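Student: sequence first, predicted coordinates after that:
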Amino acid sequence: MTEQPTEQERRTLNETLARAMGICPHKWIFAPDNLDGDSDYPEKLCEFCGKRVRGLAYRVDGKVNAPDFTRDPAARDELVRWLAADDARWREFAFRLFDLVGAWPPQALDSVARKLLTADPLVIARAAVEAIGGSND
Ligand SMILES: [Zn+2]
């Protein structure tokens with residue numbers, strides 16, 4: 001049974017993975033040098049990539065624009081393809097995954113394939129964050 005994370009933990013996992021994959025999760029803050037602009041539509045700045053936007057769709061402290069790797073099987077599959085694209089990253093991920101799901105040895109390839117297709121997206125996300133050097137706490 002997988003221990004369920006808080007929403008903040010999910011958000012951190014999703015942001016960490018999105019950034020590692022080159023998908024900016026766009027965390028909007030008010031652009032500091034534009035406070036005298038149109039006050040109804042103040043300019044916002046992404047804290048991560050520096051993109052600037054205006055409009056009501058871009059909420060400061062709003063939900064991050066990252067795939068939900070911890071719940072969405074399609075995002076999990078996208079994450080697994082990204083992990084598989086690099087030999088060293090994949091090897092590290094496989095060891096982390098097998099540590100989390102309690103299967104050993106990782107050379108058991110039939111078991112690897114089954115775990116990847118059936119594992120809870122949360123387990124894949126956690127193993128991936130560990131594999132890229134992030135914290136799983
Ligand atoms: Zn961004």
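Tutor: Noted; the coordinates are in hand. Numbering: from 1, shown residues only.
Student: every contact and neighbour count from this point should use C-alpha atoms.
Tutor: Will do.
Student: got the domain boundaries for the protein?
Tutor: Domain assignment of the chain by automatic domain parsing yields the ranges 7-53, 73-131.
Student: ok, the residue of the chain found nearest the ion - contacts?
Tutor: For the chain and the ion, the shortest gap (C-alpha to the ion) falls at His26, measuring 3.5 Å. By C-alpha atoms under 8 Å, 6 or more residues apart in numbering, the residues touching His26 are Cys46, Glu47, Phe48, Cys49, Val64, Asn65, Ala66.
Student: where's the fifth one relative to Ala85, distance?
Tutor: In this case it means Val64. With distances taken as C-alpha to C-alpha, to the nearest Å, Val64 is found 25 Å from Ala85.
Student: name the residue in those two with the higher neighbour count.
Tutor: The neighbour comparison of Val64 against Ala85 (other C-alpha atoms under 10 Å) goes to Val64, with 19 against 10.
Student: quick check: pLDDT value at that one.
Tutor: Val64 is assigned 75 on the pLDDT scale.
Student: does it really touch Pro25, like I thought?
Tutor: Yes. Using C-alpha atoms under 8 Å, Val64 makes contact with Pro25 at a distance of 5.4 Å.
Student: what do the two both touch?
Tutor: Overlap of the contact sets of Val64 and Pro25 (by C-alpha under 8 Å, 6+ apart) consists of Glu15.
Student: just send the domains of the chain back as a markdown table, with mean pLDDT too.
Tutor: Compiled in a markdown table, those are given as follows (pLDDT from 0 to 100):
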| stretch | mean pLDDT |
| --- | --- |
| domain 7-53 | 85 |
| domain 73-131 | 82 |
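Student: what number of residues lie near Val101?
Tutor: Counted with other C-alpha under 10 Å, Val101 comes out at 15.
Student: which helix or which strand is home to the residue lying closest to it once chain neighbours are set aside?
Tutor: Leaving aside its chain neighbours, Val101 sits nearest to Val123 (7.8 Å; criterion: C-alpha to C-alpha, 6 or more residues apart in numbering). In the assignment (DSSP states H and E), Val123 maps to helix 121-131.
Student: how about residues contacting that helix?
Tutor: 2, 13-14, 16-17, 69-73, 76, 79-80, 83, 89, 92-93, 96-97, 100-101, 116, 135-136.
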